[in-house]
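[1] need a structure here:
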Amino acid sequence: MDKEHIKKELKKLFKSMDFISKRFLDKEQPETKEFQTYFNIYQQLGLAWEFLGLQCEHWDGYRKTRDKKEVCKICGKVKGVDDRYLILDSQKKVIGKKLMPNSKKTFENKKKATVLNDTIKFHGAALSVDVHNSYKSSLFGDKHKINIADERIVELKESGVVCSVDQHLINVRFDKNKGKKKYGGFLWELKKEQLKHFPVIFEFDDDYNFLGLRILR
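    Just a heads-up that it's a prediction; the model follows:
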């Protein structure tokens with residue numbers, strides 16, 4: 001929504017909230033069923049206020065209240081308070097922005113090197129994004145520290161399949177055969193009889209440029 005539409009919607013919402021408050025809730029009266037009904041309406045309007053406030057970018061700045069808090073001149077949201085809700089567009093869902101490693105420094109540990117480490121479970125699938133700068137790590141104790149390169153790693157888990165993507169590799173793994181030895185090799189290193197065990201279809205163009213692959217389950 002643009003600025004003018006947000007201001008218009010919030011203005012109508014505040015009028016509705018004032019109407020319910022002054023007409024039905026502002027007077028001392030027993031909590032009848034009618035009173036509870038209007039109280040619920042007011043609570044629902046308050047929820048709509050929170051959602052509209054999430055779309056406001058506080059274009060007109062803030063004003064100070066009597067208790068010395070700063071609130072947005074448009075939506076009334078208090079400055080510095082975390083949002084409790086996240087609005088997702090019904091057509092295209094966008095959460096956050098793309099982050100990359102942002103420092104050439106090698107940090108003492110991963111915690112200090114972390115730019116983002118977040119996971120969301122979405123309709124049964126788990127999506128993780130791990131972005132970090134270079135940091136020192138110990139594979140064989142503190143006496144043998146190595147530098148871990150800066151990376152952006154995106155990992156998707158769905159139905160026993162794990163697909164991870166970073167700046168250098170695309171890796172697809174099946175969560176099975178745990179405990180058995182794992183091997184790796186290029187296609188040209190395997191015999192034709194061995195290749196029959198791998199249900200993989202490669203996609204390529206007329207010049208045999210690799211375009212993608214399909215794995216049959």
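[2] What mean pLDDT does stretch 131-144 get?
    Taken as a whole, stretch 131-144 has a mean pLDDT of 82.
[3] and that stretch, how far apart are its ends?
    24 Å (CA to CA, to the nearest Å).
[4] swap in stretch 180-188?
    End-to-end for stretch 180-188, by CA to CA: 24 Å.
[5] quick one, what contacts residue 190?
    Contacts for residue 190 were tallied using CB atoms under 8 Å, 6 or more residues apart in numbering; there are none. In short, each C-beta sits where N, CA and C put it, glycine included.
[6] separation between it and residue 215?
    Distance of residue 190 to residue 215, computed by CB to CB, to the nearest Å: 16 Å.
[7] element containing the spatially most central residue of the chain?
    What sits nearest the mean C-alpha location of the chain, by CA atoms, centre = their mean, is residue 95, with 4.6 Å. Under the criterion DSSP states H and E, no helix or strand holds residue 95.
[8] thinking it is in contact with residue 118, fair?
    No. The pair residue 95 / residue 118 is not scored as a contact, 9.1 Å apart, by CB atoms under 8 Å.
[9] what about the chain, any weak spots by pLDDT?
    Flagging of the chain using pLDDT under 70 yields the residue ranges 1, 28-31, 83-92, 139-143, 177.
[10] Which parts of it are strands?
    Taking DSSP state E as the test, the strands found in the chain are 62-64, 70-72, 114-122, 125-132, 135-138, 145-148, 151-158, 161-165, 170-174, 200-204, 210-215.
[11] Including distance to residue 82, could those strands go into CSV?
    Supplementary listing: those in CSV, determined by distance: least, CB to CB, whole Å:
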stretch, distance to residue 82
strand 62-64, 16
strand 70-72, 15
strand 114-122, 15
strand 125-132, 20
strand 135-138, 28
strand 145-148, 31
strand 151-158, 25
strand 161-165, 30
strand 170-174, 35
strand 200-204, 45
strand 210-215, 41
